[in-house]
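1. Everything below, folded, please.
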Amino acid sequence: MKRRDATGVNEVLEEDEVSAVLRDTFYGGKAGKRSPAKPKKKKPDHYDVICISLYKEDLGRLDKMVAKLKKQGHRRISRSALIRFALDQVDIGDFPRAY
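-> Reported below is the predicted structural model:
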């Protein structure tokens with residue numbers, strides 16, 4: 001016989017049944033898979049996403065340069081594209097010793 005809680009509503013599932021339902025459906029247990037897993041896409045290997053730190057002033061300068069280039073018609077320019085361009089132009093032989 002089902003018990004009644006304080007509100008008078010019948011309990012539908014026992015506590016261990018609730019845990020099993022949550023484990024299998026909500027938390028992704030084996031029995032609760034709703035749709036087959038999508039095949040993983042191959043990650044591109046021609047670039048890496050990295051994190052670098054820049055001073056706010058340097059980021060401001062970079063953003064101003066990007067904005068200026070966009071006004072000049074370089075629609076697809078970005079921070080990373082400008083940094084890649086700068087890397088191609090730099091001569092490390094001229095790099096100051098005390099930097």
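
2. and the gap between the residue nearest in space to the middle of the chain and E17?
-> For the chain, the residue sitting closest to the mean C-alpha position, by C-alpha atoms, centre = their mean, is V49 at 10.4 Å. Going from V49 to E17 by C-beta to C-beta, to the nearest Å gives 44 Å. (Each C-beta comes from the backbone N, C-alpha and C, glycine too.)

3. picking that back up, just the pLDDT for the residue nearest to the centre of the chain.
-> Listed pLDDT for V49 reads 89.

4. Distance of it relative to E15?
-> From V49 to E15 the distance is 45 Å (C-beta to C-beta).

5. From the rest of the structure, what touches the longest helix belonging to the chain?
-> As assigned by DSSP state H, the longest helix anywhere in the chain is helix 56-71. Counting by C-beta atoms under 8 Å, 6 or more residues apart in numbering, helix 56-71 makes contact with L54, I77, S78, R79, L82, I83, all of which sit outside it.

6. Please repeat the previous calculation with a cut-off of 6 Å.
-> I77, R79, L82 (C-beta atoms under 6 Å, 6 or more residues apart in numbering).

7. Distance to P44 and pLDDT for these - can I get that in TSV?
-> Compiled in TSV, those are given as follows (distance: C-beta to C-beta, whole Å; pLDDT from 0 to 100):
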residue	distance to P44	pLDDT
I77	21	97
R79	19	96
L82	21	97
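
8. Mind checking which of the residues you listed are in helices?
-> Of the contacts of helix 56-71, the ones assigned to helices by DSSP H are R79, L82.

9. any chance of the contacts of helix 56-71 in CSV, with distance to L69 too?
-> As requested, the contacts of helix 56-71 are exported to CSV (distance: C-beta to C-beta, whole Å):
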residue, distance to L69
I77, 5
R79, 11
L82, 7
